[in-house]
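Asker: Starting from these lines, generate the structure:
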Amino acid sequence: MRNSDPFADLIRSIEENLQRGEEWVPPDDGGGGGEPRQPMSRPSRWWWLLIIPFLFLLLFNTIIGFLTDWSWYGSLGLDSILWTRIAASLGLFVAGFVLTWIFLFVNYWIARRVEPFGLVSTPVEQVSDATGIRVPVIAIVIFTLFSFIMGLNVAAEWPQLLLFLNQSNFGVMDPVFNRDASFYIFTLPILEIVRGWLQAVITVSLITVVVVSGIGWRGWRMRTGTLVHLGVLGA
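Answerer: From the prediction side, this is the model:
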């Protein structure tokens, strides 16, 4: 009878679970004497209904403000001004939300590819097991919430966007950099907004890579790919 290699069996078990898209569960070391591990029940999905009242309260003031402005601008025959403001604000929100979400998710995906077992035996995995929510779903929810907040922050800069799109030269040159003075009024604030956005998303991406790679929880050793990833983000 051929003796089985425990290490080979362990590797084979991990590969089979990864191919099926399941989480690997370590085997019971109790020699079969312990009780079998019971599958963890998933939490009720009804808690998602709590989000509806929250969204209503969040959007209530916005809706009331829009209806008030719409009525006032309409009475003056200046509807185009209102819709220009809304278009600029909505465009900035969509751009801020989408770009932030893509940036965060791409960095998360790269970190998971470089270190696929970085979250094993970490508090993140424990939270995932306790709630029955897979780690990618948790990450997507967090990225979506953060992207929503960033979208709102960027959308608030609509006046500066309209100034930038409708700028004109002042005819006064800066004696140091030889730029028209309008650059500091219309263009420079936009560049500062972009810089602030980049600082925020890069900081969150760095935190994401550190957490996903298991740095700190399982020691400070890391793969070369993780070092390169962190170096590119921190450059």
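Asker: Can you classify the residue most central in space within the chain as helix, strand or coil?
Answerer: By Cα atoms, centre = their mean, the chain has its centre lying nearest to Phe143, at 2.5 Å. In three-state terms, and counting by DSSP: H, G, I helix; E, B strand; the rest coil, Phe143 is helix.
Asker: which residues in the chain form helices?
Answerer: 6-19, 51-76, 79-114, 123-131, 135-155, 158-165, 182, 188-212, 224-234 (DSSP state H).
Asker: Columns distance to Gly171 on top of those helices, output as a markdown table?
Answerer: For every residue, glycine as well, the C-beta is placed using N, CA and C. Converted to a markdown table, the helices of the chain look like this (distance: least, Cβ to Cβ, whole Å):
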| stretch | distance to Gly171 |
| --- | --- |
| helix 6-19 | 66 |
| helix 51-76 | 33 |
| helix 79-114 | 27 |
| helix 123-131 | 58 |
| helix 135-155 | 31 |
| helix 158-165 | 17 |
| helix 182 | 9 |
| helix 188-212 | 18 |
| helix 224-234 | 42 |
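Asker: want to try JSON lines for these, with mean pLDDT as columns?
Answerer: As requested, the helices of the chain are exported to JSON lines (pLDDT from 0 to 100):
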{"stretch": "helix 6-19", "mean pLDDT": "60"}
{"stretch": "helix 51-76", "mean pLDDT": "82"}
{"stretch": "helix 79-114", "mean pLDDT": "91"}
{"stretch": "helix 123-131", "mean pLDDT": "71"}
{"stretch": "helix 135-155", "mean pLDDT": "89"}
{"stretch": "helix 158-165", "mean pLDDT": "92"}
{"stretch": "helix 182", "mean pLDDT": "90"}
{"stretch": "helix 188-212", "mean pLDDT": "91"}
{"stretch": "helix 224-234", "mean pLDDT": "78"}
